[in-house]
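Undergrad: Sequence first, predicted model second:
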Amino acid sequence: DLVLLSPTEHGLQQSLALLEQHCQTWALAVNLDKTKVMIFQKKPRSQANRYHFSVGNTPLEHSTTYTYLGLTISASRRFNLAVNALKEKARRAFYAIKRRFYDINPPIKIWLKIFESIIQPIALYGSEIWGPLTDQENKKWDNHPAEVLHAEFCKSVLQVHRNMPNNACRAEFTVTHCRFKLKKDH
């Protein structure tokens, strides 16, 4: 995988030309089906008519999102899509594990270990990039997708109603917000 970044249109086209030349020298090929152009800006819109980039004579497709190393990157420079996708992956992993343990009903200590070693790493994947950009206010943090997943996990394992206060569930697990895991890692 390769990412080329440039602050100018000319600079990016020049980098693409150098890439093509390097590939020809070393008998390599660029997978043009996976090669996209993304222009970062606050309000992304189609740039296909404004900027034209190519590798050789092949024009490149413009995109407002791209998944790189499992993390969805948005042209708006926000990571909402990535964080929500990670939450859904972690949720699917949790419910798959829960189905396997349906008859066993492990103790809370085991569930907590499962969360910390399997579910949380999925939900916080790439948080070195998106974590510092997350709003760290306490009032807003409960609505963050990683924390929503954490609260859902606690309530599901404790088998309490979904309207049970999140802090009460965390107290039962003797755990705090995922936010503190983010701060500790950075």
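TA: Everything's here; your move.
Undergrad: so where do the strands sit in the chain?
TA: 36-37, 54-55, 58-59, 61-62, 65-68, 71-74 (DSSP state E).
Undergrad: any chance of those strands in a markdown table, plus mean pLDDT and distance to residue 150?
TA: Yep, even glycine has a C-beta here, placed from its N, CA and C like the rest. What follows is the strands of the chain, written out as a markdown table (pLDDT from 0 to 100; distance: least, CB to CB, whole Å):
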| stretch | mean pLDDT | distance to residue 150 |
| --- | --- | --- |
| strand 36-37 | 90 | 33 |
| strand 54-55 | 92 | 43 |
| strand 58-59 | 92 | 45 |
| strand 61-62 | 88 | 36 |
| strand 65-68 | 84 | 24 |
| strand 71-74 | 85 | 20 |
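Undergrad: Switch the ones you listed over to CSV; also include mean neighbour count.
TA: Below are the strands of the chain laid out as CSV (neighbours: other CB atoms under 10 Å):
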stretch, mean neighbour count
strand 36-37, 18
strand 54-55, 15
strand 58-59, 12
strand 61-62, 15
strand 65-68, 14
strand 71-74, 19
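Undergrad: now these as JSON lines including distance to residue 133?
TA: JSON lines is the format used below for the strands of the chain (distance: least, CB to CB, whole Å):
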{"stretch": "strand 36-37", "distance to residue 133": "22"}
{"stretch": "strand 54-55", "distance to residue 133": "31"}
{"stretch": "strand 58-59", "distance to residue 133": "32"}
{"stretch": "strand 61-62", "distance to residue 133": "24"}
{"stretch": "strand 65-68", "distance to residue 133": "16"}
{"stretch": "strand 71-74", "distance to residue 133": "12"}
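Undergrad: Between those, which one is closest to residue 30.
TA: strand 54-55 (5.4 Å; CB to CB).
Undergrad: That closest one: partners in the sheet, and parallel or antiparallel?
TA: strand 58-59 (antiparallel) (DSSP bridges).
Undergrad: State the distance from residue 154 to residue 33.
TA: Using CB to CB, to the nearest Å, residue 154 is found at 42 Å from residue 33.
Undergrad: meant to ask about residue 162, not that
TA: Counting by CB to CB, the gap from residue 162 to residue 33 is 43 Å.
Undergrad: Please apply the same query to residue 172.
TA: With CB to CB as the criterion, residue 172 and residue 33 are 49 Å apart.
Undergrad: Then residue 171?
TA: Taken as CB to CB, the span from residue 171 to residue 33 is 51 Å.
Undergrad: between the two, who's got more neighbours?
TA: Under the criterion of other CB atoms under 10 Å, the comparison of residue 171 against residue 33 puts residue 171 first, with 12 against 7.
Undergrad: which outside residues touch stretch 15-28?
TA: 2, 4, 6, 29-30, 53-56, 60 (CB atoms under 8 Å, 6 or more residues apart in numbering).
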